[in-house]
Every structure is written in structure tokens, then in C-alpha cells.
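Enquirer: Pasting the sequence and the predicted coordinates here, then a few questions.
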Amino acid sequence: MTNERTVPLLPCASIDDMETFYGVLGFRTTYKQRKPHPCVAVQREDLHLQFFEIPGFDPEQSYGSCLVLTTDIEGLHRAFAAGMRAAYGKVLVSGTPRMTRPRARKNADGVGGFSVIDPGGNWIRVFRDAPTAPMPATTPAGRLAKALANAVVQADSRGNVGQAVRILDSALARPQADDDPVEQVEVLVYRAELAIVLHDPKTAAEMLARAQSVTLTQDESERAAPTFDNATDLAAALR
């Protein structure tokens, strides 16, 4: 048989909250009912999601998750980010809901991805479609790149932000003369992002300021440009 399709059915505390949030991301409601069981279905192009309401459900205790495979994770992330900026004035990087940025995942053979954590606490994990993905990146060589890769696994994949912070703080506490300045910027900006997730704006602002103060050549500035774009979003989140 061919043309089968699987649609995730995920829990939430309020189908109205889910409908509103996914509307911000560019989804349209295709079905909604209140009785006998509250549920809502949303669709964005070929991406279908459904949610069912549980009275008293705690999003922080949710294990709901699904994978989304796409050939264009960057384009999808840009679209979601644009929707958030239009609705909230910023990209949501802390609390529930929130969204991470596209990053290569060490625990996924280097394939890039990002996650949306929705109002129901569900992790919608977006990955580049494996058949169309480039060859996995080589293992990071620099010590800062290795620390960053390990921290991404902990925070972006496992949701263990505290462990990711410990990894990055340890790396930043032992600067070395041969550290790659671009990797230093990436670590500082990611540490700022994690500080925002932990509701620590003082540390976030400090890390962003340190990232801005790193001396870069023109080539290094070009390599670091996407990271500084992320820093701009983080600074907006602090306002």
C-alpha cells in the first residue's frame, strides 16, 4: 500500500490556546469540536497536527512529542519566527510556548534541527529530511565547538538546560589562546539564550555584551553573522 499518512494526536490543557498559537505559526484550523471530547486539528501545507484537551493537564509534565521532516528547516524556522514577531513582538525563547534555533545535532548524526515547544508542552522536533540532507558535519575539532555541541544535545534535545549551562560555563571559565573567536561568540550567545530560558536576564545581557566585544576579522565576522542575528532576537526578548 502507498500514500499512508500519520497525524500526531497530542495532549494539551486548552484547545483554544493551541489553536491560537498554531495560528500565529501560520496553521489553519481544519476541525474543532467541544463534545463529546474537546479536540482541534490544524494544518500548514502538508504538516498536520491534532490536539485533545485534558482537564487539569500540566504542560510542564508533558511527554508529548513528534518529528517533522522537511527539506528546508531554515525557511520553516524563518516563517515561524516571523509569525511570533508579528504576534508577540519577539521570538519566544523562554517559557511555554517557545522555539529553539536551527542547529546541528550531535545526537542526530549532525543533521540540523530546531524545536517548537507549544502551549501544551509538546516538543515538535523539526529535522532536515535525511534523504536530502547534506553529509553530516565532521566532529567539532575546537574545544568550544565540542562544548557547544554537547550543550545543544542537553538543552535543545533533552530539555536539560541546567546541564547545558554547566557545560558552557566550564568551557568559558578556561579560555585558551587558540580558541576560535567565532566559536567563542557562538558559545556566549547560546549561553545568553539559556539564561533567558532560565529567566536570568542579567546573565543573558552580560553574555550578549561579551559576545559583542569579541575581536573578529572580516572573515570571522561573516562566519559569525547568523549568530549575531540570533543575538539580536535575544536582545529583543530581554526588552
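Expert: Structure received.
Enquirer: average pLDDT across stretch 39-54?
Expert: For stretch 39-54, mean pLDDT is 97.
Enquirer: list the buried ones in it?
Expert: 39-44, 47, 49-53 (16 or more other C-beta atoms under 10 Å). Bear in mind the C-beta positions are built from the backbone N, C-alpha and C, glycine included.
Enquirer: Likewise for stretch 186-205?
Expert: Under the neighbour-count criterion of 16+ other C-beta under 10 Å, stretch 186-205 has 186-197, 200, 203-205 buried.
Enquirer: What distance separates the opening and closing residues of that stretch?
Expert: Using C-alpha to C-alpha, to the nearest Å, one end of stretch 186-205 lies 15 Å from the other.
Enquirer: Centre of the chain to it, how far?
Expert: Taking the mean of its C-alpha atoms, stretch 186-205 sits 14 Å from the chain's own mean (C-alpha atoms, centre = their mean, to the nearest Å).
Enquirer: Likewise for stretch 173-185?
Expert: Centroid separation for stretch 173-185 versus its chain: 24 Å, with C-alpha atoms, centre = their mean.
Enquirer: can you check stretch 225-239 too?
Expert: For stretch 225-239, the separation from the chain centroid amounts to 14 Å (computed by C-alpha atoms, centre = their mean).
Enquirer: do the same with stretch 55-67
Expert: Relative to its chain's centre, stretch 55-67 lies at 17 Å (C-alpha atoms, centre = their mean).
Enquirer: repeat for stretch 196-214
Expert: With C-alpha atoms, centre = their mean as the basis, stretch 196-214 stands 18 Å off its chain's centre.
Enquirer: for stretch 170-189, same thing?
Expert: With C-alpha atoms, centre = their mean, you get 22 Å for stretch 170-189.
Enquirer: re earlier: the buried residues of stretch 39-54 into CSV, with extra columns for secondary structure and distance to Asp179?
Expert: Shown next, in CSV, are these (DSSP: H, G, I helix; E, B strand; the rest coil; distance: C-beta to C-beta, whole Å):
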residue, secondary structure, distance to Asp179
Cys39, strand, 51
Val40, strand, 49
Ala41, strand, 49
Val42, strand, 45
Gln43, strand, 46
Arg44, strand, 41
Leu47, strand, 40
Leu49, strand, 42
Gln50, strand, 47
Phe51, strand, 45
Phe52, strand, 49
Glu53, strand, 50
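Enquirer: Among the residues you listed, which one sits closest to Thr70?
Expert: Using C-beta to C-beta, Leu47 comes nearest to Thr70 of the buried residues of stretch 39-54, at 8.2 Å.
Enquirer: List the contacts of the residue nearest the centre of the chain.
Expert: What sits nearest the mean C-alpha location of the chain, by C-alpha atoms, centre = their mean, is Thr100, with 1.3 Å. With contact taken as C-beta atoms under 8 Å, 6 or more residues apart in numbering, Thr100 is in contact with 93, 114-115, 155-156.
Enquirer: May I have the secondary structure class of Cys66?
Expert: Here Cys66 is strand, with the state taken from DSSP: H, G, I helix; E, B strand; the rest coil.
Enquirer: In the sheet, which strands lie alongside the helix or strand bottoming out on mean pLDDT in the chain, parallel or antiparallel?
Expert: For the chain, counting by mean pLDDT, DSSP states H and E, strand 103-104 ranks last in confidence among helices and strands (a mean of 78). When pairs are called by DSSP bridges, strand 103-104 turns out to pair with strand 112-117 (antiparallel).
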